[in-house]
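>>> Using only what follows, build the 3D model:
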Amino acid sequence: MTGGELIDIGFRTYIVKNRIQGIFSPSNTIIKKFKSVADKEQMILNLTYGSETQSFIMMDSGHVIMTVLSVEEFLQKYMQAI
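Residues are numbered from 1 along each chain as shown. Below is the predicted model of the structure:
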C-alpha cells in the first residue's frame with residue numbers, strides 16, 4: 001500500500017486521499033451504473049451503517065464506497081487534508 005494522508009469519512013472509517021478517483025452524488029446516472037457493476041463484482045463497500053447514502057467515492061482499486069458524507073462535506077475534508 002502506498003502512503004498518504006487519511007480522510008475521515010465517518011464512523012471512525014478512513015480512506016487514503018491519493019487513492020480517490022472521484023466522488024459522486026447518489027442521483028448521478030453514471031454512478032448508478034458503476035454501483036450496479038461494482039455490486040455484481042463484489043467491489044462495493046457500504047460504510048453508511050444503515051444511514052442514507054449521501055455520496056459515492058470511486059477508488060483507484062475499482063472499489064465504490066458508499067458514505068454518509070454529502071459531496072460538499074467530503075470536499076471540505078479533502079481540501080483540509082492538503
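
>>> Show the contacting residues for the residue nearest to the spatial centre of the chain.
In the chain, the residue lying closest to the centroid (C-alpha atoms, centre = their mean) is Ile57, at 2.4 Å. By C-beta atoms under 8 Å, 6 or more residues apart in numbering, the contact set of Ile57 is Ile9, Ile15, Ile20, Gly22, Ile23, Phe24, Val64, Ile65, Thr67, Phe74. C-beta here means a position set from N, CA and C on the backbone, and glycine is covered the same way.

>>> Give the full set of residues in contact with the fifth one.
Okay, so that is Ile23. Ser55, Phe56, Ile57, Met58, Val71, Phe74, Leu75, Tyr78.

>>> The fourth one - how many residues pack around it?
Looking back up the chat, that one is Met58. Met58 is flanked by 19 other residues according to other C-beta atoms under 10 Å.

>>> Look up which helix or strand it falls in, please.
Assigned by DSSP states H and E, Met58 belongs to strand 55-59.

>>> Output that strand in CSV with nothing but the alpha carbons.
Output in CSV follows, covering the C-alpha atoms of strand 55-59 (Å, rounded to 0.1, in the frame of the first residue of the first chain):
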residue,chain,number,x,y,z
SER,A,55,-22.2,10.2,-1.7
PHE,A,56,-20.2,7.5,-3.6
ILE,A,57,-16.4,7.5,-3.7
MET,A,58,-14.6,5.8,-6.6
MET,A,59,-11.2,4.4,-5.6
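
>>> Report the mean per-residue pLDDT for the helix or strand just after that strand.
Next along the chain after strand 55-59, taking DSSP H and E as the criterion, comes strand 64-67. Averaging pLDDT along strand 64-67 yields 96.

>>> Mind giving me the packing neighbours of strand 64-67?
Contacts defined by 3 or more C-beta pairs under 8 Å, 6 or more residues apart in numbering; DSSP states H and E place strand 64-67 against strand 6-10, helix 29-40, strand 44-46, strand 55-59.

>>> Please give me every residue in contact with Glu73.
Taking C-beta under 8 Å, 6+ apart, we find Glu73 in contact with Gln54.
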